[in-house]
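Chemist: here you go, sequence then predicted model.
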Amino acid sequence: MKARLAVYVNSDDALLLWTVDKLDDGCTGFAVQRRRVVNGKAGPPEFIPNWAPAGPQAHRTGTFASSDAWPFRCFTWTDHSVDPGDNVSYRVIPVIPGAPALREDMASDWSKPRLVGLPKDATHQPFFNRGFVISQFMSRYLDEHYPGLDRDKALKKFKADIGKQLESQVRVFLSGQVRTTLLGLLDDLQASGGQLYAALFELNDDELLSRLVKLRGRAHIVLSNGSIDARTQDENKLARTALLKAKVDVEEKHRFIAPKPLGHNKFAVFTDAAGNPTAVWTGSTNWTTTGLCTQLNNALLIKDPAIAKLYREQWQALRSAHSDHPPELARANSKPSPAGSTSVHFTRAQKRVDLKVLRDIVMGANEGVLFLMFVPGASGVLGDVMDLAKAKPKLLVRGVVSTLPEGRKDEKTGKSTKLRVSVVGGATSGSARPHTFDVVQPEGLTHPAAGWAVETTRQQFAHDIGFAIIHSKVLVVDPFSDDPTVVTGSHNFSISASEDNDENFVVVRGDKALAEAYAVNVESAWRHYAGRMGNPHPRLQGPKYLNALLSDQRRQESFWHL
């Protein structure tokens with residue numbers, strides 16, 4: 001038995017996947033070692049901790065042990081404890097009872113050192129928050145900070161506090177690099193004398209609002225009326241009033257188009273002091289406390305003047321359209337704006353041309369598709385992904401959808417929904433065995449496993465915080481090939497996003513580092529929730545259980561280049 005290991009990184013996490021040529025009958029799991037490389041020299045190895053001890057034990061909060069004592073009973077792990085700038089290497093050691101338990105002769109080689117994060121001069125720079133309110137971290141936080149309160153009351157208290165405590169530990173943790181990077185960009189803009197042109201769906205976060213107020217007349221905002229019951233109402237009234245008072249360039253009634261359609265963009269263009277566009281910030285993150293902290297979101301900074309210019313032109317088109325959708329705007333949006341390997345797409349568009357672009361991207365996959373979606377509907381890109389899974393069953397096709405196509409009719413009815421949630425495999429060598437389409441709907445762990453805390457459920461979250469849990473909109477196609485594709489933006493991959501709303505998405509081809517970063521993010525989110533869907537092999541224990549997991553892993557080894 002010999003272990004092999006693959007390691008992938010983004011700006012926040014390291015994703016580890018390992019396998020063995022054959023599993024020893026006595027193997028009880030795997031210890032995972034990490035070492036940091038500083039100035040070209042590897043530091044001493046340390047074992048990654050495991051929070052889940054073996055066997056049925058009473059519920060405990062915050063208990064963990066080194067993985068040489070509590071080996072991992074799995075073949076993948078996301079290391080959330082690394083930081084940007086860390087240079088890390090890993091190896092995996094099978095654990096077999098006896099002397100010695102750690103079988104060094106079966107261990108994987110040390111992986112090549114990987115730098116966490118992307119170079120600051122990279123054209124495409126992705127950033128992620130950690131909006132997992134359904135998580136062990138949040139369960140421990142709620143128990144510690146709101147003792148004696150049941151989970152529903154603790155969540156309500158948390159929601160009230162998260163916007164006020166701007167430097168609190170949990171706000172900083174959950175908002176991650178999305179918050180720190182955006183604040184840094186706004187501070188740099190303030191110092192440089194540049195201009196900001198932003199089209200925003202929602203605005204209520206005090207920190208972000210304060211930065212816009214400081215920019216005063218150098219901030220130009222197209223601010224919609226959010227998601228509201230009538231065009232005469234304004235969900236962003238408090239923020240709009242503060243901006244107007246500070247003489248920020250925002251109109252009193254502009255893009256008041258809700259309840260249908262929505263002014264759903266969340267992009268910002270940065271210029272130099274002369275007004276020349278230099279970079280654009282896009283992605284799924286609304287400029288709200290919820291967007292930063294209690295939804296899983298992403299942001300993409302594109303340091304490309306040509307792309308920034310396209311977004312600046314779209315900002316002007318939205319400003320000129322006032323609260324209407326003139327035909328010329330839809331016609332212009334129906335023509336994608338290519339710029340090298342990156343293309344930009346805006347809606348509303350004619351004849352669903354944007355959805356055709358997205359379908360062609362999905363159906364062109366050769367190795368697999370990873371995705372995150374929020375309310376995509378059954379007939380949009382989610383339907384295309386389902387078609388791909390049927391047409392090419394050997395591909396790895398999986399992701400997380402926060403609300404399934406039939407909405408409330410599709411609430412969980414047990415282990416699965418009307419989409420019949422099940423695990424997608426990769427290719428099975430020499431087998432025509434079909435693989436089912438895998439969509440994981442976010443759900444907490446209400447009945448704790450050994451050593452795990454009782455978590456927030458989807459119903460509790462939706463009732464007390466809001467409906468969006470996975471709020472990212474991401475497609476990653478063939479991420480480890482020579483020609484990967486990444487799609488992200490505000491577009492929900494739905495028909496309404498195409499035909500009704502102000503939206504944008506960007507398609508980036510050939511950027512391997514960007515594709516890897518998004519693949520790590522999507523896979524980490526998928527595994528976060530897949531682990532809460534129940535034991536995939538409930539009748540098996542010990543080595544038989546590990547062998548079943550290994551069989552599952554075999555089907556995706558080619559996708560992950562194991």
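Modeler: On my side now, so go ahead.

Chemist: low-confidence bits of the stretch 351-500 of the chain, can you list those?
Modeler: Judged by pLDDT under 70, the stretch 351-500 of the chain has its weakly predicted residues at 404-439, 441, 447-451, 467-468.

Chemist: give me that answer again for 90
Modeler: Low-confidence segments of the stretch 351-500 of the chain (pLDDT under 90): 374-380, 386, 389-390, 393-394, 398, 400-470.

Chemist: which residues in the stretch 151-300 of the chain form helices?
Modeler: In the stretch 151-300 of the chain, the helices defined using DSSP state H, counting those that start in this stretch lie at 151-162, 169-192, 206-215, 237-245, 289-293.

Chemist: could you give the average pLDDT over the longest one?
Modeler: When pLDDT is averaged over helix 169-192, the result is 95.

Chemist: ranges for the helices of this structure?
Modeler: Applying DSSP state H to the chain gives helices spanning 136-145, 151-162, 169-192, 206-215, 237-245, 289-293, 305-321, 327-333, 353-363, 381-391, 458-464, 495-499, 512-530, 542-554.

Chemist: need those helices in CSV (columns: mean neighbour count and distance to residue 487).
Modeler: The C-beta positions use only the backbone N, C-alpha and C, and glycine is treated the same way. Formatted as CSV, the helices of the chain follow (neighbours: other C-beta atoms under 10 Å; distance: least, C-beta to C-beta, whole Å):
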stretch, mean neighbour count, distance to residue 487
helix 136-145, 18, 29
helix 151-162, 17, 30
helix 169-192, 18, 18
helix 206-215, 18, 25
helix 237-245, 16, 29
helix 289-293, 25, 20
helix 305-321, 20, 14
helix 327-333, 15, 16
helix 353-363, 18, 6
helix 381-391, 20, 9
helix 458-464, 18, 26
helix 495-499, 22, 12
helix 512-530, 23, 9
helix 542-554, 16, 27
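
Chemist: could you dump the ones you listed to a markdown table with distance to residue 472?
Modeler: Below are these laid out as a markdown table (distance: least, C-beta to C-beta, whole Å):
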| stretch | distance to residue 472 |
| --- | --- |
| helix 136-145 | 18 |
| helix 151-162 | 19 |
| helix 169-192 | 11 |
| helix 206-215 | 19 |
| helix 237-245 | 23 |
| helix 289-293 | 11 |
| helix 305-321 | 19 |
| helix 327-333 | 22 |
| helix 353-363 | 15 |
| helix 381-391 | 13 |
| helix 458-464 | 16 |
| helix 495-499 | 14 |
| helix 512-530 | 8 |
| helix 542-554 | 25 |
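
Chemist: what distance do you get for the residue of the chain most remote from its centre to residue 302?
Modeler: Taking C-alpha atoms, centre = their mean, the residue of the chain most remote from its mean C-alpha position is residue 99, at 42.6 Å. Distance, residue 99 to residue 302, using C-beta to C-beta, to the nearest Å: 56 Å.

Chemist: what's the burial count for the nearest residue to residue 79 once chain neighbours are set aside?
Modeler: Nearest residue to residue 79, sequence neighbours excluded (C-beta to C-beta, 6 or more residues apart in numbering): residue 14, at 4.3 Å. By the measure other C-beta atoms under 10 Å, the count of residues near residue 14 is 25.

Chemist: pretty sure residue 14 contacts residue 83?
Modeler: No. At 10.5 Å, residue 14 does not count as touching residue 83 under the criterion of C-beta atoms under 8 Å.

Chemist: overlap in contacts, these two.
Modeler: With contacts defined as C-beta atoms under 8 Å, 6 or more residues apart in numbering, the residues shared by residue 14 and residue 83 are residue 116.

Chemist: count the neighbours of residue 479 for me.
Modeler: 25.

Chemist: list the contacts for it?
Modeler: With contact taken as C-beta under 8 Å, 6+ apart, residue 479 is in contact with 368, 370, 486, 512, 515-516, 518-519.

Chemist: partner residues bridging residue 16?
Modeler: Beta bridges link residue 16 to residue 7, residue 77, judged by DSSP bridges.

Chemist: just checking, it touches residue 3?
Modeler: No. In this structure, residue 16 is not within contact of residue 3 by C-beta under 8 Å, at 11.2 Å.

Chemist: find residues that contact each of these two.
Modeler: residue 92.

Chemist: those two: who's more crowded?
Modeler: A direct count of neighbours by other C-beta under 10 Å for residue 16 and residue 3 places residue 16 higher, at 24 against 19.

Chemist: ok, that one to residue 516 distance?
Modeler: Taken as C-beta to C-beta, the span from residue 16 to residue 516 is 14 Å.

Chemist: one more: residue 332?
Modeler: In this view, residue 332 and residue 516 are 34 Å apart by C-beta to C-beta.

Chemist: repeat that for residue 440.
Modeler: For residue 440, the distance to residue 516 equals 21 Å [C-beta to C-beta].

Chemist: what of residue 209?
Modeler: For residue 209, the distance to residue 516 equals 34 Å [C-beta to C-beta].

Chemist: then residue 4?
Modeler: Counting by C-beta to C-beta, the gap from residue 4 to residue 516 is 18 Å.

Chemist: ok, now residue 308?
Modeler: 24 Å.

Chemist: try residue 329
Modeler: Between residue 329 and residue 516 the distance is 36 Å, computed by C-beta to C-beta.

Chemist: likewise residue 379?
Modeler: Separation of residue 379 from residue 516 (C-beta to C-beta): 31 Å.

Chemist: check residue 194 too.
Modeler: For residue 194 relative to residue 516 (C-beta to C-beta), the value is 31 Å.

Chemist: correct me, but residue 171 touches residue 158?
Modeler: No. Counting by C-beta under 8 Å, residue 171 stays clear of residue 158, with 10.4 Å between them.

Chemist: find the residue closest to residue 289 in space, skipping its chain neighbours.
Modeler: Among residues not flanking residue 289 along the chain, residue 163 sits closest, at 4.0 Å (C-beta to C-beta, 6+ apart).

Chemist: so, low pLDDT: which residues of the stretch 151-300 of the chain?
Modeler: Along the stretch 151-300 of the chain, the model assigns pLDDT under 90 to residues 151-170, 173, 227-229, 254, 260.

Chemist: how long is stretch 83-99 end to end?
Modeler: Across stretch 83-99, the terminal residues are separated by 36 Å (C-alpha to C-alpha, to the nearest Å).

Chemist: my bad, stretch 230-248
Modeler: Using C-alpha to C-alpha, the two ends of stretch 230-248 sit 25 Å apart.

Chemist: likewise for stretch 12-32?
Modeler: Start and end residues of stretch 12-32 are separated by 19 Å (C-alpha to C-alpha).

Chemist: same question for it, mean pLDDT?
Modeler: In the prediction, stretch 12-32 has an average pLDDT of 94.

Chemist: leaving aside the residues adjacent along the chain, what's closest to residue 111?
Modeler: Excluding the flanking residues, the one nearest residue 111 by C-beta to C-beta, 6+ apart is residue 7, at 4.4 Å.

Chemist: my bad, should have said residue 263
Modeler: residue 224 (2.8 Å).

Chemist: give me the neighbour count for the one you found.
Modeler: Neighbours of residue 224 (other C-beta under 10 Å): 28.

Chemist: residues in contact with residue 29?
Modeler: The contact partners of residue 29, by C-beta under 8 Å, 6+ apart, come to 54, 71-74, 94-95, 546.

Chemist: any idea how far residue 234 is from the residue lying closest to residue 239 once chain neighbours are set aside?
Modeler: Nearest residue to residue 239, sequence neighbours excluded (C-beta to C-beta, 6+ apart): residue 203, at 4.2 Å. Residue 203 sits 11 Å away from residue 234, going by C-beta to C-beta.

Chemist: got any residues that touch both of those two?
Modeler: residue 240.

Chemist: what residues are bridge-paired with residue 300?
Modeler: Bridge pairing for residue 300 - DSSP bridges - gives residue 126, residue 282.

Chemist: what's near enough to touch it?
Modeler: Residue 300 touches 124-127, 281-283, 488-489, 506, counting by C-beta under 8 Å, 6+ apart.
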